[in-house]
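A.B. asks: generate a structure from the sequence data that follows.
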Amino acid sequence: MAQNETAKNGNIFFTDGKLLGRDLKPDFEKAIEYLLVKDRTTVNSRDIYFALAFAIRHRLIRKWLRTQYEYNKQGAKRVYYLSMEFLMGRLLGNILNNMAYYQECSDILMQLGYNLEDIRELEPDMGLGNGGLGRLAACFLDSMATVGLPAYGYGIRYEYGIFKQEVKNGWQVELPDNWLRYGCPWEIARPHLEYRVQFSGRVVTEQDATGRLRFKWVDTEDVPALAFDVPVPGYRNNTVNNLRLWQARAATEFDLASFNSGDYMAAVENKNRSENISKVLYPNDNVLAGKLLRLRQQYFFVSATLQDILYHFKRAQNDLHELPDRIAIHLNDTHPVIAIPELMRILMDQEGLEWDDAWGIVRRTFAYTNHTILPEALEKWDVDIIGPLLPRQLQIIYEINRRFVNGLRDMGRFDDNAIAQMSIVEDRDPKMVRMANLAIVGSHSVNGVSQLHTDILRNDIFRDFCRWEPELFNNKTNGITPRRWLKKANPFLSDIITARIGDRWVTDLEDLRRIEPHAQQAEFRELWHEAKLLAKRHLARHIKEEYGVEVNPAALFDVQIKRLHEYKRQLLNVLHVITLYNRIKADPGREMVPRVVLFGGKAAPGYQVSKLIIKLINSVGRTINNDPEVGDRLRVVFLKNYSVSLAEKVIPATDLSEQISTAGYEASGTGNMKFMLNGALTIGTLDGANVEMAEEVGMENIFIFGLRAHEVKDLKKRGYNPREYYDKDPELRQVLDMLNGDRFTPGEPGVFQFLFQNLVLYSDHYCLLADYRSYVETQEKAAALFLDQDEWTRRSILNTARSGKFSSDRTIRQYADEIWKVSPVIIPDE
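C.D. replies: You can find the predicted model right below:
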């Protein structure tokens, strides 16, 4: 069939009489014609992306419906995973890999003159998360589906992500992240699934016929929550689970009377106020309005979720006492913890249960993961904020705390100081509700996310709670999904591994151990080295196109990409970069290992110190990259707008992974695992999961430096004086003095003076100066090893081979077996 005949016959994507894809082709064609209303003459690349996504979604939906049918048929216990973030990234490539449609779709598009990789680049990252918390949740969804668990994610459908990061004159600039600008082909709106979420109002009490006191929450402001579903397929199985996201809508869309009177703003005021709830991820809470909006967000998604869970439970069950045997609800950090008093309210005020019965159900239903020991991240809410917004929930929190504190006193094992620390309500002015304490008291399981983190929770942060109920605390070391972070992100390395040992590793990451003997083979090391070099060339092209900076793919790619925070110590990395620069300037003919230092990450809009560090990185980079004496021996680039899709470019190309947080401050980290899986060697402290990574790979295959967690604590107890390190180390002093002047900001003296003062004159809270010399010396060891490319490659192979423990599949199986008591369900073929 000639091409000019195709449109006449209505078969717009036939060529020479041959189908382009026997399975997906019909749905692909229909999507182009009937959903997008296009033909060959009007279709564009974005249309191709949407048509392909719709065609794949049809296959997903069939398996999705089958999955839900089997869960209902078998009466399976279900787990509901509540998280404020799900950093999903782009879905097309991951779904194609999981469903084994990648090659078929590539062939279809190739015959049409399109490249699948180019089409994938058109998909925006879903703006549902920011950092490790959200990425962990996304990995867990993938693993729960792959393992076959009856599991559901619940979150918010943010209209805008946290922000799109631009850099102007070195400073971070926040722009709206309008990820839904063109719509999202993966989500399915559920207009019939709408729940009423209440705010404000007042609580009235009355006696029922039996004389029992009843509470009613009345005169509330109501906001409807509309459900959007995103299917989540497992890897090469028939399971497709669900991520349900809530969007806030207005109960009253439009006030016609106000409009007709000429008050056009008032006409839509209620609509805007309601819909602001799901407008932006993490509004700036440095102001009162931001705090109120954050709490509204948290309660909004929790309330809608609990209503949805109970609706589905009651369709199959009548006895609420069976709730903990039929469902498990997991709280991913403190953001959803308001669910505890909310479920109490529902069980007592709506379902008529007595306190003790309701409390027993609540504690057996909820489990809580703690993700931090940072005081500012252990959420507290001012009762003067909670009370007007959630009056009944605050009453219940007070009662939970009264009973808990009385119980502690009755035990006779805790003094007044311990009880004050354990109290859910912090008795100060103003009174604060400690959400982590509420989570512990209201859950049957509390877990940390690395062994070191869990030990700190048990022995320090929540020491008294551990004395109260020691069996409550357990460890579940984080993990990552190898489907996205090796098979999809790094096809060069993935193909080499699979060619040698098969592909069982994709669902059983411990199978990577079988490549370890190949590390001794020169031919395999050469293949491995070439795969790493291909990834580095790919990233080098991206850097040249986006930033105009030439980088040498043969150089040591030294990478730190993560959320900007002082404890993660991007600033320590910069101090080392300036040290290298000073050495070159002092001896221009100096031989050194060429190094490309890459940074990436977003600073919270209100976090001024982190934003200043971004300015410093860019200023140092501009100085070094434009200094002809430096040449290609050193390059520094800040990769703006860090995201999952950018990480998939950077991680495969990394030689040296920077995991340099102050020991005792990082709960776990998952970026460290992704780099290790892709064959990067780690330079880091013994913090978070670095400890377990070192145990797995061997101390000889990782670069560990700096103070240990107990040494940091001891140093501060003795009285840490950072000025001593400044005075006795000339190289460090030179670097810090440059921050105090205008070396990196000519004509703008004093821009970085605060950083100098914070490190030298004040507390240096995160011990950068104490760890500086150890860090620099360890960097020298890494550079020396990089000169021996064959040995570096051998150790790179060992890092990948020994990363099997850090699969999120392993983590999820532990959650399922030890906390949720949920079993996999096999979904049969149709």
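A.B. asks: which stretches of the stretch 101-250 of the chain form helices?
C.D. replies: 102-111, 116-120, 132-147 (DSSP state H, counting those that start in this stretch).
A.B. asks: Asp727: which of those is closest?
C.D. replies: Nearest to Asp727, of all the helices of the stretch 101-250 of the chain, is helix 132-147, at 36.8 Å by CB to CB. (Each C-beta comes from the backbone N, C-alpha and C, glycine too.)
A.B. asks: counting contacts, what elements does that closest one pack onto?
C.D. replies: Here helix 132-147 touches strand 78-82, helix 92-99, strand 151-156, strand 221-233, strand 240-248, strand 327-332, helix 808-815, going by 3 or more CB pairs under 8 Å, 6 or more residues apart in numbering; DSSP states H and E.
A.B. asks: which stretch in the helices of the stretch 101-250 of the chain has the least confidence?
C.D. replies: When mean pLDDT is averaged over each of those, helix 102-111 scores lowest at a mean of 91.
A.B. asks: how about it: buried residues?
C.D. replies: Within helix 102-111, the residues that count as buried by 16 or more other CB atoms under 10 Å are Tyr102, Glu104, Cys105, Ser106, Ile108, Leu109.
A.B. asks: check contacts around the last one.
C.D. replies: When you say that, I think you mean Leu109. Taking CB atoms under 8 Å, 6 or more residues apart in numbering, we find Leu109 in contact with Ile48, Leu52, Asn115, Leu116, Ile119.
A.B. asks: again, 10 Å this time
C.D. replies: Leu109 makes contact with Leu20, Gly21, Phe28, Ser45, Ile48, Tyr49, Leu52, Asn115, Leu116, Glu117, Asp118, Ile119, according to CB atoms under 10 Å, 6 or more residues apart in numbering.
A.B. asks: thought the fifth one was touching Met110?
C.D. replies: No - checked against CB atoms under 10 Å, the pair Ile48 and Met110 is beyond contact range at 11.6 Å.
A.B. asks: ok, back up a step: wait, which of the buried residues of helix 102-111 is closest to Asp229?
C.D. replies: Cys105 (22.8 Å).
A.B. asks: residues in contact with the closest one?
C.D. replies: 21, 24, 28, 52, 55-56, 92-93, 96, 99, 116, 119-120.
A.B. asks: looking at those residues, spot the one nearest Gln317.
C.D. replies: Distances from Gln317 to the contacts of Cys105, taken by CB to CB, are shortest for Met99, at 33.2 Å.
A.B. asks: avg pLDDT for stretch 814-830?
C.D. replies: 96.
A.B. asks: how far does that stretch sit from the chain's center?
C.D. replies: Remark: stretch 814-830 is offset 23 Å from the chain centroid, using CA atoms, centre = their mean, to the nearest Å.
A.B. asks: got the buried residues for it?
C.D. replies: Gln814, Tyr815, Ala816, Ile819, Trp820, Val822, Pro824, Val825, Ile827.
A.B. asks: for stretch 68-77, same thing?
C.D. replies: So, applying 16+ other CB under 10 Å, buried residues of stretch 68-77: Gln68, Glu70, Tyr71, Ala76, Lys77.
A.B. asks: same question for stretch 460-477.
C.D. replies: Buried residues in stretch 460-477, counted by 16+ other CB under 10 Å: Ile461, Phe462, Asp464, Phe465, Cys466, Trp468, Leu472, Phe473, Asn474, Asn475, Lys476, Thr477.
A.B. asks: which of those residues fall in strands?
C.D. replies: The strands, defined by DSSP state E, take in Phe473, Asn474, Asn475 from those.
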